[in-house]
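Peer 1: Provided below for reference: sequence and predicted model.
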Amino acid sequence: MTALNSRRLFLTASICALCRPEVAISSQQDAAVKVVDKAVLDINQIINSGDTERNMLRSFEKVFNAYADVPTIAKYALGRDARTASEVQIKDYTEAFSSYFATKYGKRFREFIGGRIEIVNVEKGKKYYMVNTIAHMPAYEPFDVDFLVSDQKGRPLIFNLIIEGVNMLLAERQEIGALLDRNSGKIDALIGDLKSQ
Amino acid sequence: MRNFLLILLVLGLAACSAPLEHGISDPFEASNRKAHQINKSLDKKVVRPIAILYGDSTPLKVQSVVNNISMNFSLPGHTINHILQGKLKSASKSSLKFVVNSTLGVGGIYDASSGLALETQKTDFGETMARWGVGEGPYLDIIVLGPSNQRDGVGRIVDIIFDPIGLIGAGPKSVATLTSIGLGLSARSQFRESIDSMLYESTDSYAQSRLFFLQNRRYVLGTAQAEPYIDPYN
């Protein structure tokens, strides 16, 4: 058996709930599941490491930077104002957003301590794949976490997260929009505000 | 009982269109925002501190038992709503699960039915009304109850007043009430980072909680109309 085949078998096994064996998986779909599989593996490892909060947040930031398309998420969150901003502003804003994003969602994943995330299904959308996972928590009913993956950047990256129907891109656009309003629509003030969070 | 039938009749008549929902309808925003502020200070001063005390001092296994009992006591309410929704298979499953867990599972302490394929989605009267075609109506932030909408706000109140646990006896009723408070505190403690982030760290906590509630509720009921999978690459 070639290395490629064994990798494929492993992936197929890890998402066995979804695919009947006779269904061939496209290589793109394979890659989409693989990126979520890797991210989930890392997240599961971090939440069960018993590490300090600070170290965990640092580890999560690495996971986000490796598997998520944070610049695209940042740009979507900024909405229409992304079009009028200068290149330098976009660069500064994306940097500030990345660290805000890592802390915020790192804390969120930290709540899964003692639990685990399990990949159960993958669906093909128009230009993306949605990888369905279930978060199992010790004392609560399990809940759905969907990872949306696109390869528009040349490699598969996670660009959205939907937790029990709550869409991260929409939540971040609302939040950044409110933050921009608080700073009278001035993007430089928004950047400063993000950095101070 | 006559009042209950009257409510059903009125709601039945109100049902005229399929409840596919999108966007945000919030004509009561000013008063909703006031209720949101009251709920926030209620959380900050009472709920959050008690929840953290309870969550940090009670072993997870004990919390889990309390949560199981609470979820077991919510099953008769699910059964009633399953029947009202015409889902007789779900109704028989949820009622059987209640019987098995209450007897073999010692009042719901153990999930004795876990291998019996009796899992059903939890449900409520808000969902029943949605199935009857009642639209969600305007968004409401209700004091103590929190984010809701017109339909589900009415649903919550109907579920509380007509909870069939009350028919079983005063003992089970108080256990149900106490364990449901336990479940609420346990969840507030477990998900404290997410809830704190939404309530105390977001720029407009009212708008965030409104967005979260509406998306989650439509997802649970399967009534979301808008394509939720935005393409940010366009």
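Peer 2: Okay, I see it. All values reported here derive from a predicted model rather than from experimental measurement. Numbers count the residues shown, from 1 in each chain, chains lettered A, B, ... in the order given.
Peer 1: Around chain A, pick out the residues from chain B.
Peer 2: B:60, B:63-64, B:67, B:71, B:122, B:186-187, B:190-194, B:197, B:201-204, B:207-208, B:211-212, B:215-220, B:224, B:228-233 (C-beta under 8 Å from any C-beta of the partner chain). The C-beta positions use only the backbone N, C-alpha and C, and glycine is treated the same way.
Peer 1: try 6 Å
Peer 2: B:60, B:63-64, B:67, B:191, B:193-194, B:202-204, B:207, B:211-212, B:215-216, B:219, B:228-230, B:232-233 (C-beta under 6 Å from any C-beta of the partner chain).
Peer 1: what's the burial count for B:V106?
Peer 2: B:V106: 12 surrounding residues under other C-beta atoms under 10 Å in any protein chain shown.
Peer 1: ignore the last one, B:L116
Peer 2: Counted with other C-beta under 10 Å, B:L116 comes out at 12.
Peer 1: For it, give me phi and psi.
Peer 2: Here is the backbone geometry of B:L116 (degrees, to the nearest 10): phi -100, psi 10.
Peer 1: same question, A:Y67
Peer 2: Dihedral angles (degrees, to the nearest 10) for A:Y67: phi -110, psi -10.
Peer 1: residues near it, how many?
Peer 2: Neighbour number of A:Y67 under other C-beta under 10 Å is 22.
Peer 1: Let me see the contact set for the closest residue to chain B within chain A.
Peer 2: Residue nearest to chain B within chain A (C-beta to the nearest C-beta): A:G165, separated by 2.2 Å. For A:G165, the contact set (C-beta atoms under 6 Å, 6 or more residues apart in numbering or on different chains) comprises B:Q215, B:N216, B:Y219.
Peer 1: from the chain's centre, how far out does the helix or strand encompassing the last one sit?
Peer 2: Using DSSP states H and E, B:Y219 sits in helix B:205-221. Helix B:205-221 has its C-alpha centroid displaced from the chain centroid by 13 Å (C-alpha atoms, centre = their mean, to the nearest Å).
Peer 1: now for that helix, which elements pack on it?
Peer 2: Applying 3 or more C-beta pairs under 6 Å, 6 or more residues apart in numbering or on different chains; DSSP states H and E, one finds that helix B:205-221 contacts strand A:166-167.
Peer 1: Okay, now the sheet partners of the strand it packs on, with direction.
Peer 2: Take DSSP bridges as the rule and strand A:166-167 pairs in its sheet with strand A:157-163 (antiparallel).
Peer 1: So what touches the strand it pairs with?
Peer 2: A:67-69, A:72, A:145-150, A:168-169, B:232.
Peer 1: That one vs helix B:205-221, what angle?
Peer 2: Going by axes from the mean of the first three to the mean of the last three C-alpha atoms, to 10 degrees, strand A:157-163 is angled at 80 degrees with respect to helix B:205-221.
Peer 1: Where do the strands of the chain begin and end?
Peer 2: Just so you know, I chose chain A. Ranges of strands in chain A, per DSSP state E, are A:116-124, A:129-136, A:143-150, A:157-163, A:166-167.
Peer 1: Hmm, no, I was thinking of chain B.
Peer 2: Counting by DSSP E, the strands of chain B are B:139-142, B:146-149.
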